[in-house]
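[1] Structure, please.
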Amino acid sequence: MKYIKHTFENCQKAALQCDGRSEFQKRFPKEYKAALSNGWLDEICSHMKPLLINHTKESCYVAALQCEIRFEFQKRFPKEYQTSYKRGWLNEISSHMKSPYIYHTKESCWKAALQCESKEEFKKRFPDEHQAAYRNGWLNEICGHVKPLLTYHTKESCHIVALQCETKKEFKKRFPKEYQTSYKRGWLDEICSHMESLYIYRIKEACHVAALQCDSRGEFQKRFPKEYNTTRRYGWLNDICGHMKPLFTYHTKESCREAALQCDSRLEFQKKFPKEYKAAQQNGWLNEICSHMLIKSASSSSEKELFNIIKDLYPETKKFRHTKINIPNKPHIHAFELDIYVEELNKAIEFDGLYYHSFKGLKRSRSTWPDSDLQNYHQIKDEYFLSKNIQILHIQERDWLNNKEIQIKKCIEFLKSPNISVA
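    You can find the predicted model right below:
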């Protein structure tokens, strides 16, 4: 690498491009070193600002005159401020400045206090004056005209404000201090005694308005559950629900009898009037009010008893249902059933119950049949089975109930005698 020799002219040109020696040293370190070693540095850097400025008392005073307080002087001219502080000139050159601390006198605090109506307002609006007055013991004196920070509420004052409210909730919101005092000293219930009656009256009125929109207690409970629970809790339910239908209807013997008279059987009574049926059953009126009806339950038990008697004599006895019946001009007839069928004898016994074999009972289970066929049901059935060489004996339930032994004897004779005529 070729060695470059720095002359006085080269170093001077480089120095003229810089404003300070520090910049000259950073940007042109070789020229700076050559000028320093050859003794040219002061000469070629004469146009630059010196690295260190020696502040005199006069220069510090000039800077201080441009500021109003010491804090501003310290921020804007930190070097002059530091020099003045170290050399003891600060108080002298800052004598024209305002003090950073304001010393509140008793008179200035009094003037501020007169603009306020309470100590709390004085503390918020003039915190420095309040602090000075508190620290110097002037607070009570200069605040003699204002309301005290704490008001001592008496029972009478609390009662006066409580009378302006309709509920405890309103009392608590509008007058929290009086409410708190009354609560702590045990006056609350006493001074709020007028509220409860008025409050309850208004609640009852609101519940009554809601109840008037409903036709029954069940509807009232579903649509307005809060009002319903309130009325129930206070015992108003019967009062405000007087226009409604009761949730429970108490059925008397007469009302049950009237419902039963509209039915021909207990089953119909139970289906059409379940509540009346249940009431009659629970109170033991069922047999009495249903005495006009056809008995359906006796038929099945009597039929079963006869079936068991015949089965003891003829073990192969069974209940027989014949399907796929085809009778000319009677497409509605699909099947016939025999109550007691002795296959080995080709004979059957039909137990004709009072209800099941009545016109109404047949119509109920054979709704598609014409009335003429229902009236001739037994004749059609007997003729069909005679065509199949099956003889049928009919036992009427009424005859069975009157004299069971005679009907059993009649059945046995029918089964044993092949020449018996069909009834």
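[2] Looking at residue 191 now. What's its pLDDT?
    With respect to pLDDT, residue 191 scores 87.
[3] no no, residue 62
    Note for residue 62: predicted pLDDT of 90.
[4] per the record, what domains does the protein have?
    8-44, 57-93, 106-142, 155-191, 197-240, 253-289, 297-416 (automatic domain parsing).
[5] So, low pLDDT: which residues of the chain?
    Applying pLDDT under 70 to the chain flags residues 1-3, 50-53, 99-102, 147-151, 196-202, 245-249, 292, 294-300, 418-423.
[6] quick check: longest strand of it.
    In the chain, with assignment by DSSP state E, the single longest strand is strand 335-342.
[7] ok, that strand: who's next to it in the sheet?
    Strand partners for strand 335-342, identified by DSSP bridges, are recorded as strand 318-323 (antiparallel), strand 347-352 (antiparallel).
[8] from those strands, which stretch is densest packed?
    strand 347-352 (a mean of 23; mean count of other CB atoms under 10 Å). In short, each C-beta sits where N, CA and C put it, glycine included.
[9] any idea which helix or strand comes after that one?
    Next helix or strand after strand 347-352 toward the C-terminus (DSSP states H and E): helix 359-365.
[10] Can you give me the buried ones in that following helix?
    361-362 (16 or more other CB atoms under 10 Å).
[11] Stretch 115-133 too?
    So for stretch 115-133, counting by 16+ other CB under 10 Å, buried means 116, 119, 121-123, 126, 129-130, 132-133.
[12] just stretch 164-176 next, same as before
    Judged by neighbour count using 16+ other CB under 10 Å, the buried positions of stretch 164-176 are 165, 168, 171-172, 175.
[13] Repeat that for stretch 153-163.
    153, 158-159, 161-162.
[14] Next step: those residues restricted to strands.
    Cross-referencing those against strands under DSSP E gives no overlap.
[15] In which helix or strand does residue 37 reside?
    Residue-wise, residue 37 maps onto helix 29-38 under DSSP H and E.
[16] Hmm, residue 155 and residue 187 touching each other?
    Yes: if you go by CB atoms under 8 Å, residue 187 and residue 155 touch, sitting 5.4 Å apart.
[17] With distance to residue 73 added, can I get the buried residues of stretch 164-176 in CSV?
    Converted to CSV, those look like this (distance: CB to CB, whole Å):
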residue, distance to residue 73
165, 62
168, 63
171, 60
172, 57
175, 55
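[18] Could you measure from residue 368 over to residue 239?
    Residue 368 sits 57 Å away from residue 239, going by CB to CB, to the nearest Å.
[19] May I have the phi/psi pair for residue 59?
    Backbone torsions of residue 59, given as degrees, to the nearest 10, read phi -70, psi -40.
[20] Spatially nearest residue to it (excluding sequence neighbours)?
    Nearest residue to residue 59, sequence neighbours excluded (CB to CB, 6 or more residues apart in numbering): residue 80, at 6.7 Å.
[21] The one you found against residue 54, yeah?
    No: counting by CB under 8 Å, residue 80 does not reach residue 54; the two are 11.5 Å apart.
[22] of the two, who's got more company?
    More crowded of residue 80 and residue 54, by other CB atoms under 10 Å: residue 80, with 23 against 7.
[23] I'd like the next helix or strand past the strand or helix carrying the more buried one.
    Assigned by DSSP H and E, residue 80 falls within helix 78-87. Next in sequence after helix 78-87, counting helices and strands by DSSP H and E, comes helix 90-93.
[24] ok, back up a step: and residue 368 and residue 239? which has more neighbours close in?
    Counted by other CB under 10 Å, residue 368 and residue 239 do not tie: residue 239 has more neighbours, with 13 against 9.
[25] so which helix or strand takes in that one?
    Take DSSP H and E as the rule and residue 239 turns out to sit in helix 237-240.
[26] Buried residues of that helix, list them for me.
    In helix 237-240, counting by 16+ other CB under 10 Å, buried: 237, 240.
[27] Report the backbone C-alpha coordinates of that helix in CSV.
    Provided in CSV are the C-alpha atoms of helix 237-240 (Å, rounded to 0.1, in the frame of the first residue of the first chain):
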residue,chain,number,x,y,z
LEU,A,237,-104.6,-16.0,46.0
ASN,A,238,-108.2,-16.7,46.9
ASP,A,239,-109.0,-13.0,47.0
ILE,A,240,-107.6,-11.9,43.6
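[28] if we can go back for a sec, switch the buried residues of stretch 115-133 over to CSV; also include secondary structure and distance to residue 27.
    Formatted as CSV, these follow (DSSP: H, G, I helix; E, B strand; the rest coil; distance: CB to CB, whole Å):
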residue, secondary structure, distance to residue 27
116, coil, 66
119, helix, 68
121, helix, 65
122, helix, 64
123, helix, 62
126, coil, 59
129, helix, 59
130, helix, 60
132, helix, 58
133, helix, 63
